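Participant: Next one to model:
(one chain, ligands or ions: 1)
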Amino acid sequence: MTTDAAPLFIALEGGDGAGKTTQARMLRDWLVARGREVVVTREPGGTELGRTLRREVLHGEDLDPRTEALLYAADRAHHVATLVRPALARGAVVVTDRYIDSSIAYQGAGRRLGRDEVRDLSRWATDGLLPTLTVVLDVDAATAAARRSGAPDRLEREPSHFHEEVRSTFLALASAEPGRYAVVDASRPPEVVHGAVVESVARVLEPVR
Ligand code: TYD
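Facilitator: Next comes the predicted model:
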């Protein structure tokens, strides 16, 4: 493993059923083949405390939207402090399946708590750590819903207009900061989507010295 490579923090975002988990794995293999140490993680639930929070926030008792937002923010604060920052500090590439933009889209827009307020909460929680690159895996709500399987969690149970709102928020965030985002059409086969993901990652990847 290289230790002198520049740290790289990549977030994969998108609706439920966009294929983030598959893409995170494929991206990890691609980066490892290029000699990088890679940490693939996710929110909520990238840490032990996070797994407890994940269970409660997705499958526990009914939550007020503000409580929900705070639980995601608490998961994120602990995740960044104990896992993401230490990995970046040793030069790893961190690939996270969801990050701040999920809170902006689901709690800020979907739950109508306000995009700016929710963004500020997460920026406070993470002490301002932003991804080098955020890849939005974009798929329409109907296609995404058709891909989902198993018992739906609290967010997946929301109606299609909620998921359309989530989708349009991801796209708006990406178009406001094109330098830090890539939008990939995730309705295509996984290998094709992977090709587009690595094209965007290659642009921010420092050549291994
Ligand atoms: P995810 O792990 O992508 O779900 P799955 O493993 O079932 O594909 O995300 C869990 C859910 O949490 C998803 O519906 C989106 C939601 N979520 C938020 O509402 N806000 C957040 O900040 C995050 C990180 C996730």
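
Participant: Pretty sure A69 sits in a helix.
Facilitator: Yes - judged by DSSP: H, G, I helix; E, B strand; the rest coil, A69 forms part of a helix.

Participant: Burial check on it, number of neighbours?
Facilitator: Here the number of neighbours of A69 (other CB atoms under 10 Å) works out to 23. Backbone N, C-alpha and C define where each C-beta goes, glycine included.

Participant: Test my guess that it contacts A109.
Facilitator: No - between A69 and A109 there is no contact, the gap being 11.8 Å when judged by CB atoms under 8 Å.

Participant: Quick check: pLDDT value at L155.
Facilitator: At L155, the pLDDT value in this model is 84.

Participant: Now it: closest residue in space, sequence neighbours ignored.
Facilitator: In space, and not counting its chain neighbours, L155 is closest to Y106: 5.9 Å by CB to CB, 6 or more residues apart in numbering.

Participant: Next, the most centrally placed residue in the chain: phi, psi?
Facilitator: Closest to where the C-alpha atoms of the chain average out (CA atoms, centre = their mean) is R98, at 1.6 Å. The phi/psi pair for R98 (degrees, to the nearest 10) reads phi 80, psi 150.

Participant: can I assume it is in contact with E13?
Facilitator: Yes - R98 is within contact range of E13, at 6.3 Å (criterion: CB under 8 Å).

Participant: Now for those two: what residues contact both?
Facilitator: Counting by CB atoms under 8 Å, 6 or more residues apart in numbering, the residues touching both R98 and E13 are K20.

Participant: about what we covered before: quick one, what contacts the residue nearest to the centre of the chain?
Facilitator: With CB under 8 Å, 6+ apart, R98 has these contacts: 11-13, 20, 42-44.

Participant: now swap in V136 and tell me
Facilitator: 13-14, 101, 170-171, 173-174, 181-184.

Participant: Would you format those as CSV with pLDDT, distance to the ligand and secondary structure included?
Facilitator: Listed next are these as CSV, based on pLDDT from 0 to 100; distance: CB to the nearest ligand atom, whole Å; DSSP: H, G, I helix; E, B strand; the rest coil:
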residue, pLDDT, distance to the ligand, secondary structure
E13, 98, 9, strand
G14, 96, 8, strand
D101, 98, 8, helix
F170, 98, 11, helix
L171, 98, 16, helix
L173, 98, 13, helix
A174, 98, 17, helix
Y181, 98, 17, strand
A182, 98, 19, strand
V183, 98, 18, strand
V184, 98, 16, strand
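
Participant: Which of these are buried? Put it as a PyMOL command.
Facilitator: One line in PyMOL is enough to select the buried members of these, burial here meaning 16 or more other CB atoms under 10 Å:
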select buried, resi 13+14+101+170+173+174+181+182+183+184
